[in-house]
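**Q** Sequence and computational prediction follow.
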Amino acid sequence: MDGYMPQDLGRRRTLKAAIGCVGVGVHSGRRVSLTLHPAQAGSGILFRRKDLGGLEVSARWDNVVDTRLCTVLGDPTRPEIRIGTVEHVMAALAGCGIDDAVVELDGPEVPILDGSAAPFVFLIDCAGTTTRAGMAEVLEVMRPIRVEEGAAWAELLPNGGDRFEGSFEIEFNAGAIGRQHCAERLTPHAFRTGLASARTFALAEDVEALRAAGLALGGDLTNAVVVEGDRVLNPGGLRRPDEFVRHKLLDAVGDLALAGAPLRARFTGHRSGHALNNRLLRKLFADRSAWRLVSAALVGEGSMARLPAAAAPAVL
């Protein structure tokens, strides 16, 4: 039943126990310790900077302060409070149906681990999950919302079904990537088997420039797929032929998990990234007629409409 029984449908879900790991920030290159903690029902997902005395930031679209190659949460009034590369752990929490949790860090960036969401899913499975008092709500998209930038675009459409649906298309000059498309009707099982293990990737020609800009300082072949023309430089190759586009959809799942409530919608991304994903949510919430909240208990069992795991939108 993908981790919960029918009688739990619509209940808010958190972890049974705390669990942690240690890794390296892909952009900062710094060693960082991460611990996932249970949280009270209704608290949503909170990121806590242990090294800053326990200061917290809610995992929410309006707390996104940077989208260069990753999604960064922060407090615009206090620039020292930043948490980078949140999208993979957010996707894992969402894909496992976690509504409430604290992500505690002793540094400014979530560890990259193997470059996918799979290690975070493993941690959640080891900790176990449980329901708490209180009913979850689903954010239903009522009319089309679209954002564009050049040839790239992203949109949310109403979805008459009971699941979050996602599709993505990419196109790169590198022969190893080329043009790829994937679409998933995202049940928790589909997330685990189709998206969670897809790793982040980079073009070899871009690595030096990224490092000169202070990015990708912790990246290597253990935590990213690196492509040079027609070649994948990783000794083990790809986990699946369309791993690249699947990772882009994974990123979108994590970015949309900042919506503040699980989305009931159909998402399409065309050559888009973190910036457009966040702009899409900002445009959605700027139009109060474009969405409504409904009880998660009214949405079908096993639905990825339970997808995002964050606090309710501030605009409510």
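**A** Received it, and whenever you're ready, just let me know what you need.
**Q** So for this structure, the centremost residue is which one?
**A** Nearest to the geometric centre of the chain sits G254, at 1.1 Å (Cα atoms, centre = their mean).
**Q** Summarise which helices and strands the one helix or strand that residue maps to is packed against.
**A** Under the criterion of DSSP states H and E, G254 resides in helix 243-256. Helices and strands touching helix 243-256, by 3 or more Cβ pairs under 8 Å, 6 or more residues apart in numbering; DSSP states H and E, are helix 87-95, strand 165-171, strand 179-185, strand 201-203, strand 266-270, helix 274-286. C-beta coordinates here come from the backbone N, C-alpha and C atoms, glycine included.
**Q** which of those is buried the deepest?
**A** Neighbour counts (mean count of other Cβ atoms under 10 Å) averaged over each of these peak at helix 87-95, with a mean of 30.
**Q** who touches the residue nearest to the centre of the chain in this structure?
**A** For G254, the contacting residues are 71, 86-91, 94, 117, by Cβ atoms under 8 Å, 6 or more residues apart in numbering.
**Q** returning to that earlier point: could the helices and strands packed on helix 243-256 go into CSV alongside distance to R12 and mean pLDDT?
**A** Shown next, in CSV, are those (distance: least, Cβ to Cβ, whole Å; pLDDT from 0 to 100):
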stretch, distance to R12, mean pLDDT
helix 87-95, 13, 96
strand 165-171, 23, 97
strand 179-185, 24, 95
strand 201-203, 35, 95
strand 266-270, 23, 98
helix 274-286, 21, 98
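**Q** got the ones you listed as CSV, with distance to A224 columns?
**A** Compiled in CSV, the helices and strands packed on helix 243-256 are given as follows (distance: least, Cβ to Cβ, whole Å):
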stretch, distance to A224
helix 87-95, 12
strand 165-171, 16
strand 179-185, 17
strand 201-203, 6
strand 266-270, 20
helix 274-286, 16
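**Q** residues of the helix or strand of the chain with the lowest mean pLDDT that come out buried?
**A** Lowest on mean pLDDT, DSSP states H and E among the helices and strands of the chain sits strand 129-135, with a mean of 85. Neighbour counts over strand 129-135 (16 or more other Cβ atoms under 10 Å) mark 129, 131-132 as buried.
**Q** P235: neighbouring residues, count only.
**A** By the measure other Cβ atoms under 10 Å, the count of residues near P235 is 6.
**Q** and the nearest residue to it once chain neighbours are set aside, what does it touch?
**A** Nearest residue to P235 in three dimensions, chain neighbours excluded: L221, at 7.2 Å (Cβ to Cβ, 6 or more residues apart in numbering). Going by Cβ under 8 Å, 6+ apart, L221 touches 233-235.
**Q** and of those residues, the nearest to L34?
**A** Of all the contacts of L221, L34 sits closest to N234, with 24.0 Å by Cβ to Cβ.
**Q** Test my guess that that closest one contacts V227.
**A** No - between N234 and V227 there is no contact under Cβ atoms under 8 Å: 9.1 Å.
**Q** Which one of those two is surrounded by more residues?
**A** Using other Cβ under 10 Å as the criterion, N234 and V227 rank with V227 on top: 23 against 17.
**Q** Would you agree that one is in contact with N173?
**A** No - using Cβ under 8 Å, V227 is not in contact with N173, being 10.4 Å away.
**Q** Count the neighbours of the closest residue to R240 other than its chain neighbours for me.
**A** Closest residue in space to R240, ignoring its immediate chain neighbours: R246 at 7.0 Å, by Cβ to Cβ, 6+ apart. Per other Cβ under 10 Å, the neighbour tally for R246 reads 23.
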